[in-house]
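> with the input below, show me the fold.
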Amino acid sequence: MTVKGKLDADDTGIFLPHEHTFTDFTGAEKVVQPQYNRDTAFNFLLPYLIELKSNGVKTLAECTPSYIGRDVLLLKRLSEASGLNIITNTGYYAAVDFKYIPAHAYHENIDQLTSRWLKEWNMGIENTGIKPGFIKLGVGNAPLKPLEKKLIIAAARTHLKSGLKIAIHTGNGEAANEEVKLLELEGVNPAAMIWVHAQNDETGTYHLELARKGCWISLDGFSDDETTIVKYCRYIKSLKEAGFLNKILISHDDGFAVIANTGFEAFKKGVSYTSIFIRLKPALIQEGITAEDFDQITIINPQNAFKIEIYSSKR
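Residues are numbered from 1 along each chain as shown. Got it, this is the predicted structure:
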């Protein structure tokens, strides 16, 4: 499900599963979002997306949740102008000490939160008619806090009534393991979960353990420094050798922060959303990862990871 409507899975092409356009780090309900003129934001970002499209990318998942800068009207306009398929989300981001959690999430119960997210799925986001294509959560390190657990259970119930996959920004491998157990208790197969920032598990131990259970291992935050290239090559080779090439996702986690009364500031220097193709792909080829393997990771895997389909534990 894209911001322009349904898309056949076979038409997603090269697919970046975790990127951002603009993110507002002010905090939930502290300011009226968006803190920018949409025409200004559109003109600023469009050249980056056109460059991305010229490098062969056809689809990206925009992972900015509500209360931290999600702007679905801007995303739709950018999608139409650039020709990119853009997917937005529902859900809440509880990482960073709950800075981006709205007040109602503290006192509403699991079913009330589920109803909020299902309303966006069934009726569209904020009266725009634009529907989310996945659920995006954020949590910190293990042990998970009660509010984080509540959000994960609400996401599980939302998945079982919508088929939207659950992408969870996760502090460490122990927290990812907790997430999987919570989903399983709710009757959700781990194949419905995308472990965002799996690169935080530097040993790779949980990569293999959770991939074995069916979880998607999303290596996000790729940058083109040599240390990162070596690390990502190691992760991908290890997963391939263990038979889990079909569970790997990779992305840059790139984008721009909204700076009030100033404009936009890049998360990283030289934002282009293309380092994976320019720097990582050649390094992987040198390490024995084939062009076909790379296509598996960047085309087929995200196509399957974001396919709207209910994954119950009975599956």
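> right, and residue 273 touches residue 50 too?
No. Using CB atoms under 8 Å, residue 273 is not in contact with residue 50; the gap is 11.1 Å. Just so you know, the C-beta spots here come from the backbone N, C-alpha and C atoms, and that holds for glycine as well.
> the more surrounded of the two?
Taking neighbours as other CB atoms under 10 Å, residue 273 and residue 50 compare with residue 273 leading, 21 against 14.
> ok, and the closest non-adjacent residue to the more buried one?
If the residues on either side of it in the chain are set aside, residue 273 comes closest to residue 52, at 4.8 Å by CB to CB, 6 or more residues apart in numbering.
> residue contacts, the one you found?
The contact partners of residue 52, by CB atoms under 8 Å, 6 or more residues apart in numbering, come to 16, 60, 82, 84, 272-274.
> ok so it is a strand residue?
No. Counting by DSSP: H, G, I helix; E, B strand; the rest coil, residue 52 is not part of a strand but helix.
> now do it, the pLDDT please.
On the pLDDT scale, residue 52 is placed at 91.
> how much space between it and residue 30?
Separation of residue 52 from residue 30 (CB to CB, to the nearest Å) stands at 31 Å.
> go on, residue 85?
Distance from residue 85 to residue 30, by CB to CB: 32 Å.
> just residue 188 next, same as before
Distance from residue 188 to residue 30, by CB to CB: 33 Å.
> do residue 230 as well
According to CB to CB, residue 230 and residue 30 sit 40 Å apart.
> re the thing from before, between residue 85 and residue 30, which is the more surrounded one?
Counted by other CB under 10 Å, residue 85 and residue 30 do not tie: residue 85 has more neighbours, with 20 against 11.
> now that one, which residues is it bridged with?
Per DSSP bridges, the residues bridged to residue 85 are residue 59.
> residue contacts, residue 84?
By CB under 8 Å, 6+ apart, the residues touching residue 84 are 49, 52-53, 57-60, 78.
> which of those residues sits closest to residue 41?
Ranked by distance to residue 41 (CB to CB), those are led by residue 78 at 8.8 Å.
> start to end distance for stretch 215-235?
Using CA to CA, to the nearest Å, the end-to-end distance of stretch 215-235 comes out at 15 Å.
> do you have the strands of the stretch 151-300 of the chain handy? List them.
Ranges of strands within the stretch 151-300 of the chain are 166-169, 193-196, 216-219, 248-250, 256-259, 263-266, based on DSSP state E, counting those that start in this stretch.
> contacts made by the third one with the rest, please.
Pointing back at strand 216-219 there. 17-18, 165, 167, 191, 193-199, 207, 210-211, 232, 235-236, 239, 244, 247-251, 301, 305.
> let's see that with 6 Å instead.
Here strand 216-219 makes contact (CB atoms under 6 Å, 6 or more residues apart in numbering) with 194-196, 198-199, 207, 211, 232, 235, 247-250, 305.
> do the same with the second one
Identification of contacts with strand 193-196 by CB under 6 Å, 6+ apart yields 166-170, 176, 183, 215-218, 220, 305.
> redo these as TSV? Include pLDDT.
TSV is the format used below for these (pLDDT from 0 to 100):
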residue	pLDDT
166	98
167	98
168	98
169	98
170	98
176	98
183	98
215	98
216	98
217	98
218	98
220	94
305	98
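> which residues of the stretch 151-300 of the chain fall in helices?
Ranges of helices in the stretch 151-300 of the chain, per DSSP state H, counting those that start in this stretch, are 173-185, 205-213, 226-241, 275, 281-286, 291-295.
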